[in-house]
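J.: I need the structure of the sequence given here:
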Amino acid sequence: MRVQDLLNEKANAAVYSVAPDQSVFEAVTEMVKKNVGAMLVVQNDELVGIITERDYLRLVTVQGRTARDTPVHEIMTRSVIYLTPDTSVEEAMAIVTEKRIRHLPVLADDRILGVLSIGDLVKATAKTREMHIRTLEAYIADDYPGPVK
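T.: A predicted model of the protein is given here:
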């Protein structure tokens, strides 16, 4: 299964973004309204960063800043790790595990196609494993509709 397959199946494929000069307060307020844990930071239709709940906690709250007075560009992650539509779900899972991140934008030719969360990837992995288990159970039970003998 590929990342594009997940984007095609995803119920809410909306991409939420903020501008780098918006306040962190505005970004976090939008995250709460949209019930998401991250927002892409976009300027002139180009992905320039990502801001997450974790960024807010670590770089605003803990450092004693105020969300209303801190612009997004001061705390956003600039080197955004992203996927392409052809990335396999297994590879995407390896990336979120290794990099300890929860949200991955999907880009094609610098165009934003969507965002996948670790939840999306876990759900897809579980679905694939369930299908494999059912196929193996059917094979073991000699119920497998394989080639005609």
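
J.: what about His103, neighbour count?
T.: 22 (other CB atoms under 10 Å). In this view, the C-beta of every residue, glycine as well, is placed from N, C-alpha and C.

J.: what are the bridge partners for the residue nearest to His103 when sequence neighbours are not counted, then?
T.: Spatial nearest neighbour of His103, chain neighbours left out: Ala38 (4.0 Å); criterion: CB to CB, 6 or more residues apart in numbering. As for beta bridges, Ala38 partners with Thr52 under DSSP bridges.

J.: Skip the chain neighbours and tell me the closest residue to Arg68.
T.: Phe25 is the one closest to Arg68 (CB to CB, 6+ apart), at 4.5 Å.

J.: quick one: the one you found and Ile101, what's the gap?
T.: Counting by CB to CB, to the nearest Å, the gap between Phe25 and Ile101 amounts to 23 Å.

J.: can you check Pro20 too?
T.: Distance of Pro20 to Ile101, given as CB to CB: 20 Å.

J.: ditto for Val28
T.: Val28 is 18 Å from Ile101, by CB to CB.

J.: neighbour count winner among these two?
T.: Val28 (21 against 18).

J.: so the more buried one, which of the three states?
T.: For Val28, the assignment made with DSSP: H, G, I helix; E, B strand; the rest coil gives helix.

J.: can you check Thr66 too?
T.: Assignment for Thr66 (three-state DSSP): coil.

J.: Phi, psi for the nearest residue to it once chain neighbours are set aside please.
T.: Leaving aside its sequence neighbours, Thr66 sits nearest to Val60 (CB to CB, 6+ apart; 7.4 Å). Per-residue torsions, Val60: phi -120, psi -70 (degrees, to the nearest 10).

J.: Please enumerate the helices of the protein.
T.: For the chain, the helices defined by DSSP state H cover 3-9, 24-34, 53-56, 72-75, 89-99, 118-140.
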